[in-house]
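K.L.:
Structure for the following, please:
(chains A and B)
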Amino acid sequence: MSLESILAQFRDPDAARALAAAIRTRSTRPARLMEFCGGHTHAILRFGIPSLLPETVDLRSGPGCPVCVTAAGDLDRAIALAQVPDVILTTFGDMIRVPGSRLSLAQAKAQGADVRVVYSPLDALRIAQETPARPVIFLGVGFETTAPMVASTVLAAEAAGVRNFTVFSTHKLTPPATRAILAAGEVALDGIIGPGHVTTVIGAAAWRFLPQEYAIPCAIAGFEPLDLLRAILSLVEMVEQGRADVTNTYARSVRLEGNAPALAALERVFEVADVEWRGFGVVPASGLALREAYARFDAARAFPVDVPPAKELPGCRCGEVLRGVLLPTECALFARVCTPQNPTGPCMVSAEGACAAYYRYGERI
Amino acid sequence: MCLGIPGKVIEIDDTPLMRMGKVDFGGIVREVCLGYVPEVELGDYVIVHAGFAISQLDETEAFETIRLMQEVGMLGEEATPV
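P.N.:
Next up, the predicted model:
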């Protein structure tokens, strides 16, 4: 059997129904589970998984949407960088339409700033090499999955002697945000669905603090319906048994120790820093800043810009949605004022935002 | 953001600076950095994020997972007779 046909089986409806039946049979106690990752939120709703689950199982979205958790102040700073004369600001598509305190990057572009969407940070480096007379800034957004790619790009820029390429890092780390949610205690959680691609990089062992320090089970999941149902079944079984472990239901990609070369590049270029998250405030040791040795690739140091204090988006409750405290449908603006066509806040803009997922796939049952 | 797409490695270019290659995603071919998957060989499957392969897809694990889920499926059917 080819690997393609095996991968197709991860969407097999009969197997999904059987797994869901197993979850319904085994679940007797309330189990509130948080999927950290915004990609999981979208997959869960797209495949209609909540409709297959018993009432005992309550799924909550977490802060795993990098665009959504980017602080308004960081976005304002990125927009100010885009407005520096001659600068080409490059970033991933999702960031462009997120409203800052005054403007979005798309609006800055309409006013004349050179803002370009790239698929990979390597594309941004290529632009820098093709336009040596202009500074090219890459707005680095993303978790541990993405940060090594940016680290690699910085190392490639150094090796190639590129002098007009810098990075504005808003990279963030996922375990500290998970800790922040648990420490705040605003929402009682019985299990965590671990992010599959973050964990491909950091390794399943990085989540052992959940059972060890918080007595909460964690199941690392892939992004197909059977992956998610299997992770939910694993968490339900642990909740029923009063047991907390880390299980890996995405073993075709996730290894215990993660991706060593990716982690080495990340460690070489970045150091851990206290950074601000939308909805959380400053979370200690939760972000990545360029190390002193790579200071010349740091856009924040190369282009000091003055940015007025950030303003919150009026009425937007993204912060509470990101902490799992509020469901998108509980926000007064949801689908009335705030839609993907005319979004008030980032959780409705981003392809991974919980509000966008609820809007697109309907309310959870 | 953390989107990862599985594809098949169809070309490897071991340049001194960065291991690059071409990956076939069901007919669409893209240039991909293979620097983080040094063990990958032609014909292997990788998971690609933002132009970089982040893991080699473990075929044995994929088969094993499907086999395990088929078992769970049977258990589920036994537990809820219709």
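K.L.:
Was I right to think A:P343 contacts A:D94?
P.N.:
No - counting by C-beta atoms under 8 Å, A:P343 sits too far from A:D94 to count as a contact (11.5 Å). All C-beta spots, glycine's among them, are computed from the backbone N, C-alpha and C.
K.L.:
hmm, the longest strand along chain B touching chain A?
P.N.:
Ranked by residue count under DSSP state E, the longest strand found in chain B is strand B:5-14. Yes - interface with chain A: strand B:5-14 contributes B:6, B:8 (C-beta under 8 Å from any C-beta of the partner chain).
K.L.:
Can you list the strands that that strand pairs with?
P.N.:
Each strand paired with strand B:5-14, and its direction, by DSSP bridges: strand B:19-25 (antiparallel), strand B:45-49 (antiparallel).
K.L.:
Can you check which of those gets nearest to A:G38?
P.N.:
With distances scored as C-beta to C-beta, the stretch of those nearest to A:G38 is strand B:45-49 (14.0 Å).
K.L.:
Any chance you could list what contacts that closest one?
P.N.:
Outside strand B:45-49, the residues that touch it by C-beta atoms under 8 Å, 6 or more residues apart in numbering or on different chains are A:3, A:145-146, A:149, A:197, A:200, A:253, B:2-9, B:23, B:25, B:30, B:32, B:34, B:37, B:40, B:53-57, B:59.
K.L.:
Please apply the same query to stretch A:198-213.
P.N.:
Residues outside stretch A:198-213 that contact it (C-beta under 8 Å, 6+ apart): A:36-37, A:64, A:143-145, A:148, A:174-175, A:178-179, A:192, A:194, A:216-218, A:220, A:244-246, A:248, A:250, A:253-259, A:262-263, A:266, B:2, B:4, B:47, B:54-55.
K.L.:
Between the two ends of it, how far is it?
P.N.:
End-to-end distance of stretch A:198-213 (C-alpha to C-alpha, to the nearest Å): 21 Å.
K.L.:
gap between that stretch and the chain center?
P.N.:
Distance, stretch centre to chain centre, for stretch A:198-213: 16 Å (C-alpha atoms, centre = their mean, to the nearest Å).
K.L.:
and if you look at stretch A:223-237?
P.N.:
Stretch A:223-237 sits 20 Å away from the centroid of its parent chain (C-alpha atoms, centre = their mean).
K.L.:
before we move on, the earlier item: pull out the buried residues from the contacts of stretch A:198-213.
P.N.:
Applying 16 or more other C-beta atoms under 10 Å in any protein chain shown to these, the neighbour count classes A:36-37, A:64, A:143-145, A:148, A:174-175, A:178-179, A:192, A:194, A:216-218, A:220, A:244, A:246, A:248, A:250, A:253-255, A:258-259, A:262-263, A:266, B:2, B:4, B:47, B:54-55 as buried.
K.L.:
ok now do the residue nearest to A:R29 when sequence neighbours are not counted, which residues does it touch?
P.N.:
Among residues not flanking A:R29 along the chain, A:V239 sits closest, at 5.8 Å (C-beta to C-beta, 6 or more residues apart in numbering or on different chains). Going by C-beta under 8 Å, 6+ apart, A:V239 touches A:27, A:29, A:31, A:190-191, A:217.
K.L.:
Now render the residues you listed as a markdown table, adding pLDDT.
P.N.:
Shown next, in a markdown table, are those (pLDDT from 0 to 100):
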| residue | pLDDT |
| --- | --- |
| A:S27 | 98 |
| A:R29 | 97 |
| A:A31 | 98 |
| A:D190 | 98 |
| A:G191 | 98 |
| A:P217 | 98 |
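K.L.:
Just the buried residues out of these, in PyMOL syntax.
P.N.:
To isolate the buried members of the contacts of A:V239 in PyMOL, using 16+ other C-beta under 10 Å:
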select buried, chain A and resi 27+31+190+191+217
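K.L.:
That's all I had, so thanks and see you.
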